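Q: give me the fold of what follows.
(one chain, ligands or ions: 1)
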Amino acid sequence: MSTPHPDLSEESLVEILKQAQTYNIAHEISGFLLSTHDQLIQLIEGKEDDVRELFEIIRKDRRHHHIQIENEVHSDCRSIPFFGMGLCFTYLVENLDYHFYFTKEEAQQLNGLIDGKIGKLFQEYLV
Ligand SMILES: Cc1cc2nc3c(=O)[nH]c(=O)nc-3n(C[C@H](O)[C@H](O)[C@H](O)COP(=O)(O)O)c2cc1C
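A: Numbering: from 1, shown residues only. The predicted model follows:
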């Protein structure tokens, strides 16, 4: 969870999404990023070393701050059914020329995302 830099636009988040698709797929990482007006909530899943390595990259990214880990779970099964990254804005976004992000309704369909302990956090923002 983190606080976006005030200058971090929806377009910049889409740029992050595009870049993250390549990186995450190459490292067999699944990610899901929820963007509210004033918070970023991300779930990252994969092999522990890969996740820690990516977290260190993301932690140094100056486009957000107050970065904190809310929950860390060791499990054999994933919540997100794809490698790469999903992005969902919890508010209405217009004129964004990129359609590979999730609507709130679509994100709610990813049951794994809203189940369990981590899911509770996502659910709060997806209602
Ligand atoms: C909230 C947030 C989440 C991010 N998630 C990912 C991610 O899942 N995968 C990824 O490759 N980059 C992600 N990034 C981008 C990285 O922080 C970084 O910019 C990117 O890996 C490029 O790094 P480089 O400029 O050192 O090449 C995220 C950035 C932010 C601000």
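Q: what's the pLDDT at residue 59?
A: For residue 59, the pLDDT comes out at 97.
Q: I should have written residue 71 there, sorry.
A: Here the pLDDT value assigned to residue 71 is 89.
Q: give me the nearest residue to it, chain neighbours excluded.
A: When the adjacent residues along the chain are set aside, residue 71 lies closest to residue 118, with 5.3 Å between them (C-beta to C-beta, 6 or more residues apart in numbering). Using the backbone N, CA and C atoms, a C-beta is placed for each residue, glycine as well.
Q: against residue 78, how distant is the one you found?
A: Here the distance between residue 118 and residue 78 works out to 11 Å (C-beta to C-beta, to the nearest Å).
Q: sorry, back to before: in contact with the residue nearest to residue 71, which residues?
A: Contacts of residue 118 were listed using C-beta atoms under 8 Å, 6 or more residues apart in numbering, and they are 43, 70, 71, 73, 79.
Q: give the helix, strand or coil label for it.
A: Using DSSP: H, G, I helix; E, B strand; the rest coil, the structure places residue 118 in helix.
Q: residue 44 too?
A: Following three-state DSSP, the label given to residue 44 is strand.
Q: can you tell me which residue sits nearest the middle of the chain?
A: Central residue check for the chain by C-alpha atoms, centre = their mean: the C-alpha nearest the mean position is that of residue 33, 1.7 Å away.
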